[in-house]
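coordinates for the following, if possible.
(chains A and B)
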Amino acid sequence: MQSSEEAAASSPAKTEQAYQPGSEADFERLYRNTYRRILGTLITLVRDRTTAEDCAQETFERAYKNWKSWQPDAPVEAWLHRIAINVAISDRRHQRIRQAGELVRRLGRPAPGADPSLVAERSDLVAALKKLPPKQAAALVLRHYHGYSNREIAAALGVPEQTVASRLGAARKQLQAVLGRP
Amino acid sequence: MSDFERELESELHRVLDPMSSLPIPPRRAAHPRASARTLLGGAGAALTFKILTGVAAAAAAVTVVGAATTGSLDPTVWGQQVEEQVQTCKNDLAQGEHGIGQCVSSFANQHGQAVASSARHHGDGSSKSKDNNGNTNNGNGNNGGGASGNANGHPKDRSTRSPGPPASRGS
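Sure, this is the predicted structure:
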């Protein structure tokens, strides 16, 4: 479990320098500072690392298009997560269509080597998170991995702050059910 | 915090922390080719292809007809020749006499066979009218109407149309 100091240190809103909307250099810095965290969230939402990487790039593409209009009063990483969650939701919608083709594509491939992201892919917890509605799974990851406050989660999910607590409760309950925990 | 929440955090860190060692790939650039794709792909491609084909065919038709009429590939030469002919026809008119259409028509008809042949290659009879109009207009914009009328192959109608009433055309 993270201590409160660790959580504060890892909280992006507290450590990041100010970003200037529209600044090319700042967006590149934002990309470098947040790519791994966005990817980490996406890995729990979409089916595999390749898809998560693709969704992460899609997230930053969308963010870049709207970078000039980003409001600095909103936490930038929450904004990015909001885009990422929407990208993941879109991806899930198309997932079933792609599944058949993906199965054919993977047939005959050699066994994958050691890869940090494969640990995530093989985790029962991550597998269970992927069965949750994307916004519920994202709320759990933002809260219990990234250490976001309810307010930041509300900004990331685009819902009122009051909704976050109830959504987190429902997400925990559903995750326990999926994992077969009492 | 419940036991389940602690376990959840611990497990998330176990599986996601190794991600921090992964290299950050270069950022994928946004797609600036979206407009080009719209133009060159799908229905846009078909429309673009048709427009380009039409423009090319029209340019080829004008070039072939002009060259066949004047014997030159240079549109400037076409214009000069027709302009000279129109001026000659004006000079040949007697005092008080109107209409140079017949005169210009005879010039255009010198190459009538060539014009008709090229027009047949580019479509039906209506294209012949367009081709002749194009040639005449290149030569003299002021007299384009009269010259084109004759060049359309209706010199008799032209000579009888102006004095007679519309009903006399049918007789």
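
mind checking how far the closest residue to chain A within chain B is from A:Ile43?
Of all residues in chain B, the one sitting closest to chain A is B:Pro18 (3.4 Å; C-beta to the nearest C-beta). Where C-beta positions appear, they are placed from N, C-alpha and C, glycine not excepted. The gap separating B:Pro18 from A:Ile43 is 11 Å, by C-beta to C-beta, to the nearest Å.

again, but for A:Arg143
Look at A:Arg143 and A:Ile43: by C-beta to C-beta, they are 16 Å apart.

centre-most residue in chain A?
A:Thr41 (2.6 Å; C-alpha atoms, centre = their mean).

so that one versus A:Leu129, what's the distance?
Applying C-beta to C-beta to A:Thr41 and A:Leu129 gives a distance of 10 Å.

hmm, back to that, so for A:Arg143 and A:Ile43, which sits in the more crowded spot?
A:Ile43 (28 against 24; other C-beta atoms under 10 Å in any protein chain shown).

quick one: low-confidence parts of chain A?
Counting by pLDDT under 70, chain A contains low-confidence ranges at A:1-16, A:96-121.

now with 90, please.
A:1-18, A:20, A:47-50, A:70-75, A:91-127, A:130, A:152, A:155-158, A:179-182 (pLDDT under 90).

quickly list what's touching both of A:Thr41 and A:Leu129.
Residues within reach of A:Thr41 and of A:Leu129 at once, by C-beta atoms under 8 Å, 6 or more residues apart in numbering or on different chains, are A:Val141.

ok, for A:Ala154, nearest residue in space, not its chain neighbours?
A:Glu161 (4.2 Å; C-beta to C-beta, 6 or more residues apart in numbering or on different chains).

got a list of what that neighbour touches?
By C-beta under 8 Å, 6+ apart, the neighbours of A:Glu161 are A:Asn150, A:Arg151, A:Ala154.

circling back to that earlier point, ramachandran angles for the residue nearest to the centre of chain A?
phi -70, psi -40 (degrees, to the nearest 10).

run a quick neighbour tally on the nearest residue to it once chain neighbours are set aside.
Spatial nearest neighbour of A:Thr41, excluding adjacent residues (C-beta to C-beta, 6+ apart): A:Val141 at 5.2 Å. By other C-beta under 10 Å, 27 other residues sit near A:Val141.

touching, A:Arg37 and A:Leu142? I think so.
No - counting by C-beta atoms under 8 Å, A:Arg37 stays clear of A:Leu142, with 9.7 Å between them.

nearest to chain B among the contacts of A:Glu161?
Closest to chain B, out of all of those and judged by C-beta to the nearest C-beta, is A:Asn150, at 14.3 Å.

ok, that closest one touching A:Arg167?
No - applying C-beta under 8 Å as the test, A:Asn150 and A:Arg167 come out as separate, 9.7 Å apart.

so how far is B:Gln81 from B:His13?
Per C-beta to C-beta, B:His13 is found 89 Å from B:Gln81.

actually A:Arg82, not the one I wrote
72 Å.

and for B:Pro18?
The value you get for B:Pro18 to B:Gln81, if C-beta to C-beta is used, is 84 Å.

who has more neighbours out of these two?
Remark: of B:Pro18 and B:Gln81, B:Gln81 carries more neighbours, 19 against 16, as counted by other C-beta under 10 Å.

can you tell me the element that one falls in?
If you go by DSSP states H and E, B:Gln81 is part of helix B:75-92.

that helix - what's its average pLDDT?
When pLDDT is averaged over helix B:75-92, the result is 75.

show residues contacting stretch A:79-92.
Contacts for stretch A:79-92 (C-beta under 8 Å, 6+ apart): A:30, A:34, A:38, A:41-42, A:45-46, A:51, A:55-56, A:58-60, A:62-63, A:70, A:134-135, A:138, A:142, A:155-158.
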